[in-house]
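Novice: Give me coordinates for this.
(4 chains)
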Protein chains: 2
Amino acid sequence: MFGVLTGKELDELPVQIDQFEFPPNYRIYSAGDVNEDVYTIRDGLVKAIARTADGAERIVRLYKPGDVLGLESLLSDGCQHTLMTMATVSVCRIPTRIIKRLLVKSPRLLEQLMRQWQISIERADYWLTHLTTGIIESRVAWLLKMLAELTSGEQPVVIVLPANQEIAAIVDATVESVSRTIANMKREKVLVRVAPHTYQCDLGKYHFDRLQVVD
Amino acid sequence: MFGVLTGKELDELPVQIDQFEFPPNYRIYSAGDVNEDVYTIRDGLVKAIARTADGAERIVRLYKPGDVLGLESLLSDGCQHTLMTMATVSVCRIPTRIIKRLLVKSPRLLEQLMRQWQISIERADYWLTHLTTGIIESRVAWLLKMLAELTSGEQPVVIVLPANQEIAAIVDATVESVSRTIANMKREKVLVRVAPHTYQCDLGKYHFDRLQVVD
DNA sequence: CGTATAATTGACTGTAGTCAAACGACGTGG
DNA sequence: CCACGTCGTTTGACTACAGTCAATTATACG
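Specialist: Numbering: from 1, shown residues only, chains lettered A, B, ... in the order given. A predicted model of the protein is given here:
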């Protein structure tokens, strides 16, 4: 994200940024917390958790390398949802006040930041139209596709499969339904285990590029 | 939104802004269009439409008075979804280039804009956790609650009921299921017709404030 | 007042939720 | 190294909510 800054703007950055790792299943912050930092993800996945009216947990967004966490702290409101790592996550931390200061000086950083917000929105729409619509098998397939896209095009595609409970919280289903779906995919060799939690994934049988009706 | 500008900043605004109305069911712009303007809604509702993989239409967001439309044009990307009015909608139009120019001068406008983006994200999460989860009756009830909140607290609450097809596109259900639900609510006097498309709405029997389990 | 469009209702089907039990993987401590 | 316990996964039987298809009735608008 800070690639867009000029040399002079970068001068004051290095001392302020530190880089470190969160352990797996670490709660970065909880809904309601006031957060003082912004993070950019270098490696790993982070899930954003919200609660439904009946108290169930629902995963509403996934952040991946390159994404920015905690932008809402620029508005000094409380955080909207809980952020939790899904594996070991390597991040850069930048204090909010640094961003605020740089923001008025660098229009390019501003654009970059607006773009991040925009990405969040687009991803929310994607989530809504692909991961909460249709039969469960198709929702799970879309999720697998999302996970597969993180592997930057290597063949064969190998993904780290989240726990059934997490998948269920993403596609809005019960653990049992997810289990049946995933078990089926294993039988059909869509998923082939290569290591604990790690599967080779061949989504060939799913046709994501189905014809889109246009007006 | 422009209430935050100082007098000097406002000076160049008036000649650039014009105010007018869109007719009901008017397509403000379509997915893929490049849009040159930003709109603030003064009155009426605007729906954002996306398409699912099987070509069905899905309403992914509602914009209400005070909201800003077309912020993605600040990034000069194509628009993500189709925007369509739900009734007569009164708007202010501001050319994107004016916003861009003002943005570097007014930190308060910047904050206002970031807040708008943040609001969109929060609303996406709300949509996900309330309008796509649980049985259809509860989703519809949440939608009615949303619509009721637009009426700024007058009692009794009177809302303009969207067509079943629109409700279906919001809560991810079929027209028939929505019809059954709405028909039931009419029988139970949750909805009482007072004019065409207009109903008095008493959501007393629904308990939105159900206990939220906290960690 | 008549017609097009939307809403309602019925009968049937199918997907996924619920409840319950068995199985498996993994880590701990003996 | 093995036994045990915990947790996650799988599977079965049953139920219920919502989808599908089709016919009928109501509503809005010219």
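Novice: Report the buried residues of the helix or strand containing residue A:109.
Specialist: Mapping residue A:109 onto the secondary structure by DSSP states H and E places it in helix A:107-126. Neighbour-count burial for helix A:107-126, counted by 16 or more other Cβ atoms under 10 Å in any protein chain shown, picks out A:109-118, A:120-121, A:123-126. Where you see a C-beta, it was placed from the backbone N, CA and C, and this is true even at glycine.
Novice: And the helices in chain A?
Specialist: Remark: helices assigned in chain A by DSSP state H are A:7-10, A:96-103, A:107-126, A:136-149, A:164-171, A:175-187.
Novice: Quick check: mean pLDDT of the fifth one?
Specialist: Model confidence over helix A:164-171, given as mean pLDDT, is 98.
Novice: how many degrees apart are it and helix A:175-187 in direction?
Specialist: Counting by axes from the mean of the first three to the mean of the last three Cα atoms, to 10 degrees, helix A:164-171 points 100 degrees away from the direction of helix A:175-187.
Novice: rewinding a little: of the helices of chain A, flag the one that's most buried.
Specialist: helix A:164-171 (a mean of 21; mean count of other Cβ atoms under 10 Å in any protein chain shown).
Novice: Spell out which parts of chain A neighbour DNA strand C.
Specialist: Chain A has residues A:134-137, A:172-174, A:176-177, A:196 near DNA strand C, with proximity defined as Cβ under 7 Å from any atom of the strand.
Novice: Among these, which one sits closest to DNA strand D?
Specialist: residue A:176 (4.2 Å; Cβ to the nearest atom of the strand).
Novice: Against residue B:161, how distant is residue A:187?
Specialist: Noted for residue A:187: a distance of 47 Å to residue B:161, by Cβ to Cβ, to the nearest Å.
Novice: ah, wrong one, I meant residue A:54
Specialist: With distances taken as Cβ to Cβ, residue A:54 is found 26 Å from residue B:161.
Novice: If you count surrounding residues, which of these two has more?
Specialist: residue B:161 (20 against 12; other Cβ atoms under 10 Å in any protein chain shown).
Novice: and the gap between the more buried one and residue A:115?
Specialist: Taking Cβ to Cβ as the criterion, residue B:161 is separated from residue A:115 by 38 Å.
Novice: try residue A:159
Specialist: As judged by Cβ to Cβ, residue A:159 and residue A:115 stand 27 Å apart.
Novice: Just send the helices of chain A back as CSV, with distance to chain B too.
Specialist: As requested, the helices of chain A are exported to CSV (distance: least, Cβ to the nearest Cβ, whole Å):
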stretch, distance to chain B
helix A:7-10, 15
helix A:96-103, 7
helix A:107-126, 4
helix A:136-149, 7
helix A:164-171, 10
helix A:175-187, 14
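Novice: on that earlier part again, how about residues contacting the helix holding residue A:109?
Specialist: Taking Cβ atoms under 8 Å, 6 or more residues apart in numbering or on different chains as the criterion, the residues outside helix A:107-126 that touch it are A:1-2, A:4-5, A:9, A:60-61, A:67-68, A:71, A:99, A:102-103, B:50, B:60-61, B:71-72, B:74-75, B:77, B:80-81, B:103-104, B:110, B:113-114, B:117-118, B:120-121, B:124-125, B:128.
Novice: same thing but at 7 Å, please
Specialist: Outside of helix A:107-126, the residues within contact range by Cβ atoms under 7 Å, 6 or more residues apart in numbering or on different chains are A:1, A:4-5, A:61, A:68, A:71, A:102-103, B:50, B:60, B:72, B:74-75, B:80-81, B:104, B:117, B:120-121, B:124.
Novice: Likewise for stretch A:148-168?
Specialist: With Cβ under 7 Å, 6+ apart as the criterion, stretch A:148-168 contacts A:59, A:64, A:86-87, A:140, A:143-144, A:147, A:174-175, A:178-179, A:182, A:194, A:197-203.
Novice: Kindly recompute the last result at 6 Å.
Specialist: Contacts made with stretch A:148-168 from outside it, assessed by Cβ atoms under 6 Å, 6 or more residues apart in numbering or on different chains, are listed as A:64, A:147, A:175, A:178-179, A:197-201.
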